[in-house]
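Visitor: no FASTA, just this:
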C-alpha cells in the first residue's frame, strides 16, 4: 500500500510539472505551413525575434487549410501562410483584422531526370503542366488543401486541363512526404523552392522547370481578430506581426540560407 | 554508403554527442508516455478488475467495446481530444491545446482501453482460481479487487508495458494535440515524422533506433525485476 | 473427549432440507436431507464424483442450492474451509496470515503477534518470511490450516486436504484437525481415504453418485454398512 501511495504521489508531482509548463505566458502560438518549418526558416529567425522582445514563438506547422482552421477555432495567436486569395477571404470573414505581404519564394516543378513529358524547355508553367497531362506522366499532388496544393490546382486550370486519371496521384500529405513519395514513384511534383532545396532525399528527382511569374509564392502574415476569440494574445502577436514587416525582420529573412542559397525574399511594403 | 548515411552511425553519433535538444526530446517523450501510462493504470487497473468481478446487464457489451477500443486509431483519439481542448471546444478555456498535458490526455485515452481490457482478462482467470478461497475467507467483492490486482502483478506488469508500448510508439494523436512545437511538444515520434518529411531519412531512422533502444531498455528492466520477484515469490 | 459435548452444544446445527443441485441440466445432488450438529468430526466419504465437495460447498455457502433449503438453526457460526489445493496469496507465509487478520479488521498492532503465534503452532515459524507459493505441498496445507485457525472458526470444512500429501504431511494435517476439534470446532471433512476416516471419524456420511446413502456413527459404519455400495467401498472394491 505504501508503494502505491508513493507511486500516486510521484504521478501527481509529474503532472503538476507538466502543468507548470503552462505557467509561462510570454509566448505566442503561430500556425504556419510545413514549407516554412521544414526549410528551417523559423529556427533561423525566431531566436532573433525572441532576443529582441523576450517573446517566444511556438510554431505549429500544418497545411494552409488546417492552419486557417486552427486560427478560426482560436487555437493560434498568429498566422503566417501562403494563399493570398484565402488570406484575403479570411480577413473579409472577420477572423483577421489585417493581412500583410511578408516574403515570397517560388514554386518549381521537379521530376525524373530523363523528363519523359519533356517540360524542361517549356515556354511557360501552363505549357509544362499541359505537357505532363498530355503524356500522362505520373504526377504526385499534395491533395491536402494546403497553399501549395491550391496553387497547383490553379496551374492545371491555367493550362486548361483537368488533372484526372491514373497518372494523377493525390497523396493527402505534407510537402516533404509528397517529395519522398514522388522520389519513390519517380513522378513529377510541384513544390515550393524552400522545401525542395532543403530536401535531402531527392533520389532521381531533379529541378525541371522554374522562373515563370505564375509560380510566384507569396507569404502573408495575418493579425487575428479578438472579436470571437478574446483570449488571443493580440499584443504579443502584434509585436511579431510588426517585427516580420520591420527592417530587422525582413533582414533576418533575407539572411536565411540553405546550402548557400537564399530561400525567401522579403517584400513587405 | 557514406558513414553519415548510416542510421546506426547517426544514432550513435547523436547519443555520443549528448546533444541537448535530443536529450530534451527524449525526456519529454518519456515523461509524456510514462505519465499517461501511470494515469491510465490508476484508472484502468481497478476498472478492469471490477469488470472481471462484477456481473451486470450489458457487461458483455462493455467488454466488447473495450476490446474494440484497443484498436482505436491514434489520429481519431487525437482529433477527439483536439476538438475537446480547442478554444472553440467545451474545455477550451483550460488552454491545454498544444501542451504536453494535452498529449498526456490523448495517450491516456489510447492506453486506458488496452490496460483495462487486458487487466479484465488476467484478473478474471486469476479470480477463477481464487474465488472460492477468498469468498470463504469472507472477502467482499470490493475487497477482492486490490487482492487480485496485487496477486496478478507480474502479468499486469506486461499489460502496463503493452500500454507503454502503445503510448511511446504512437504519433497520430500527439501530432494533432501537441502540434510538434520545437522545444515544447516535440517528441521522438513527431521528430521522426518531421525528419522523414525533410527527406533526412538517416536522421529519422537514427531517432527511431534511439526510441526503440529506450523502449527495449525499459522493457528489459521491467522483465528483470519481475523475473527476480517471480523467482522469489513463486 | 468429554470437552466436545460440553463446549460445542452452542454451535448452531446445520440442516439440509430436500436440498438438490443442478448444473447445466445435470443433477449433481439428489434431494438430500441431512443435519450436522454438536462437536463431532463428520467424515464425508465416497468415491470421486460422489458429490462430497459439492455437499461441503453448499454447506459453507460457496454454492447456492437449485432447490430445497439449507439453514443454520440459530446464529450462523464462524466457518472456515481448507481446500484440496490451498490457494495462497503471492506473498510471504507471514503476510498470508496478517492479510486474513486485516480482512477481519483485527487492529494492525495485534496482527503480527497473532500470525507468528499461529505459524508457531503449525510448525511453520522458521518459514515465516518465505513466499507462500514456494513452500512444499504439506507446508502449504499447514499454512492454510494456520490461516483457518486465525479465523477461530466454530465449524471447519476440509475438502480432501491430504489427497496430494506424503504420509508425514498427512499426519501433520490430521494432528491439526484434532487440535481444532479439541478447541471446540466442529469438523466436516471429505476424504476417500478409508484409513484416515477410521482414524478421525466420529460419524460418517457416505455418498454415492449424488446421493447420501448413509449417515451413521463411525463404529456402526465400518462394522456394518447399510448399503451394498458402502460395503463395497469399505472392502476397497469401489475406490473411484
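Guide: Great, that's in hand. Nothing here was measured: the structure is a model prediction, and the numbers come from that model.
Visitor: Walk me through the domains of chain C.
Guide: For chain C, automatic domain parsing gives the domain ranges C:3-88+C:135-234, C:89-134.
Visitor: and the last one, does that touch chain A?
Guide: No. Applying C-beta under 8 Å from any C-beta of the partner chain, one finds domain C:89-134 out of contact with chain A, separated by at least 10.2 Å. C-beta coordinates here come from the backbone N, C-alpha and C atoms, glycine included.
Visitor: and after the lengthiest strand in chain A, which helix or strand comes next?
Guide: If you go by DSSP state E, chain A has its longest strand at strand A:96-112. Per DSSP states H and E, the first helix or strand lying C-terminal to strand A:96-112 is helix A:125-135.
Visitor: for that following helix, packing partners?
Guide: Packed against helix A:125-135 by the contact rule (3 or more C-beta pairs under 8 Å, 6 or more residues apart in numbering or on different chains; DSSP states H and E) you find strand A:96-112, helix A:147-159, strand A:205-209.
Visitor: mind checking which of the ones you listed is nearest chain B?
Guide: Proximity to chain B (C-beta to the nearest C-beta) singles out strand A:205-209 among the helices and strands packed on helix A:125-135, at 10.1 Å.
Visitor: Could you tell me which strands that closest one is paired with, and in which direction each runs?
Guide: Partners of strand A:205-209 in the sheet, by DSSP bridges, are strand A:96-112 (antiparallel).
Visitor: List the buried residues in the partner strand.
Guide: A:96, A:99-103, A:105-112 (16 or more other C-beta atoms under 10 Å in any protein chain shown).
Visitor: Tell me the helices and strands packed up against the longest strand along chain C.
Guide: Secondary structure of chain C per DSSP E: the longest strand is strand C:14-23. Judged by 3+ C-beta pairs under 8 Å, 6+ apart, the packing partners of strand C:14-23 are strand C:26-32, strand C:35-36, helix C:52-60, strand C:67-72.
Visitor: coming back round to it: so what angle separates the directions of the longest strand of chain A and helix A:147-159?
Guide: Relative orientation of strand A:96-112 and helix A:147-159, computed by axes from the mean of the first three to the mean of the last three C-alpha atoms, to 10 degrees: 70 degrees.
Visitor: Can you name the next helix or strand after the helix or strand harbouring residue B:147?
Guide: Applying DSSP H and E as the criterion places residue B:147 in helix B:141-151. Using DSSP H and E, the helix or strand that follows helix B:141-151 in sequence is helix B:153-169.
Visitor: hang on, the earlier thing: average pLDDT across the longest strand of chain A?
Guide: Here strand A:96-112 scores 95 as its mean pLDDT.
Visitor: hang on, the earlier thing: out of the helices and strands packed on strand C:14-23, flag the one nearest chain A.
Guide: Closest to chain A of those is helix C:52-60 (C-beta to the nearest C-beta; 29.8 Å).
Visitor: So the closest one, near chain B or not?
Guide: Yes. Applying C-beta under 8 Å from any C-beta, one finds helix C:52-60 touching chain B at C:57, C:60.
Visitor: neighbouring contacts of that helix?
Guide: B:132, B:136, C:14, C:16, C:19, C:21, C:28-29, C:32, C:36, C:44-46, C:63-65, C:70, C:79, C:81, C:84, C:157, C:159-160, C:188, C:190, C:192, C:205, C:207, C:212 (C-beta atoms under 8 Å, 6 or more residues apart in numbering or on different chains).
Visitor: Figure out how far that helix is from the centre of its chain.
Guide: Relative to the chain's own centre, helix C:52-60 is displaced by 10 Å; criterion: C-alpha atoms, centre = their mean, to the nearest Å.
Visitor: could you list every residue that touches the closest residue to chain B within the stretch 101-250 of chain A?
Guide: For the stretch 101-250 of chain A, the residue closest to chain B is residue A:176, as judged by C-beta to the nearest C-beta, at 2.7 Å. Residue A:176 makes contact with A:34, A:38, A:195, A:199, B:194, B:196, B:197, B:198, B:199 under the criterion C-beta under 8 Å, 6+ apart.
Visitor: For it, which non-adjacent residue is closest in space?
Guide: residue B:197 (2.7 Å; C-beta to C-beta, 6 or more residues apart in numbering or on different chains).
Visitor: burial count for that neighbour?
Guide: 24 (other C-beta atoms under 10 Å in any protein chain shown).
Visitor: helix, strand or coil for the most centrally placed residue in chain C?
Guide: Nearest to the mean C-alpha position of chain C, by C-alpha atoms, centre = their mean, lies residue C:158 at 1.9 Å. Assigned state for residue C:158: strand (three-state reduction, DSSP: H, G, I helix; E, B strand; the rest coil).
Visitor: I figured it hits residue C:186, correct?
Guide: No. Applying C-beta atoms under 8 Å as the test, residue C:158 and residue C:186 come out as separate, 11.5 Å apart.
Visitor: Mean confidence (pLDDT) on the strand or helix carrying residue A:241, please.
Guide: Residue A:241 is located in helix A:234-245, with elements delineated by DSSP H and E. For helix A:234-245, mean pLDDT rounds to 95.
Visitor: what does the helix or strand that that helix is followed by contact?
Guide: Once the chain leaves helix A:234-245, the next helix or strand it forms, by DSSP H and E, is helix A:247-255. Outside of helix A:247-255, the residues within contact range by C-beta under 8 Å, 6+ apart are A:41, A:44-45, A:48-49, A:52, A:102-103, A:243-244, A:262, A:264-266, A:268.
Visitor: So what's the gap between helix A:247-255 and the chain middle?
Guide: Distance of helix A:247-255 from its chain centroid, counting by C-alpha atoms, centre = their mean, is 18 Å.
Visitor: Next, the angle strand A:96-112 makes with that helix.
Guide: On the basis of the same axes, to 10 degrees, helix A:247-255 is oriented at 10 degrees to strand A:96-112.
Visitor: Give the buried residues for helix A:247-255.
Guide: Judged by neighbour count (16+ other C-beta under 10 Å), helix A:247-255 contains these buried residues: A:249, A:250, A:252, A:253.
Visitor: For these, could you give me JSON lines that also reports pLDDT?
Guide: JSON lines is the format used below for the buried residues of helix A:247-255 (pLDDT from 0 to 100):
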{"residue": "A:249", "pLDDT": "96"}
{"residue": "A:250", "pLDDT": "96"}
{"residue": "A:252", "pLDDT": "96"}
{"residue": "A:253", "pLDDT": "96"}
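Visitor: Let me know which of the helices and strands packed on strand C:14-23 is tucked in deepest.
Guide: Ranked by mean neighbour count under mean count of other C-beta atoms under 10 Å in any protein chain shown, the helices and strands packed on strand C:14-23 are led by helix C:52-60, which reaches a mean of 22.
Visitor: for that helix, what is the average pLDDT?
Guide: Here helix C:52-60 scores 95 as its mean pLDDT.
Visitor: Can you check the pLDDT for whatever residue of chain B ends up closest to chain A?
Guide: At 2.7 Å from chain A, residue B:197 is the closest residue in chain B, using C-beta to the nearest C-beta. Residue-level confidence at residue B:197 comes out at 87, pLDDT.
Visitor: Point out where chain B drops to low pLDDT.
Guide: Applying pLDDT under 70 to chain B picks out residues B:1-4, B:234.
Visitor: try 80 this time
Guide: When residues are selected by pLDDT under 80, those of chain B lie in B:1-5, B:7, B:10, B:14-16, B:18-19, B:232-234.
Visitor: max-length helix in it?
Guide: In chain B, assigned by DSSP state H, the helix with the most residues is helix B:100-136.
Visitor: That helix vs chain C: in contact?
Guide: Yes. Applying C-beta under 8 Å from any C-beta, one finds helix B:100-136 touching chain C at B:129, B:130, B:132, B:133, B:134, B:135, B:136.
Visitor: and residue B:188, how far is that from residue B:196?
Guide: From residue B:188 over to residue B:196 the distance is 13 Å, taken as C-beta to C-beta, to the nearest Å.
Visitor: any chance you could map the helices in chain B?
Guide: Counting by DSSP H, one finds helices in chain B at the ranges B:7-16, B:20-53, B:59-69, B:74-85, B:100-136, B:141-151, B:153-169, B:172-178, B:188-197, B:201-233.
Visitor: winner for burial among the ones you listed?
Guide: Burial of the helices of chain B is given as mean neighbour count (mean count of other C-beta under 10 Å); helix B:172-178 ranks first at a mean of 27.
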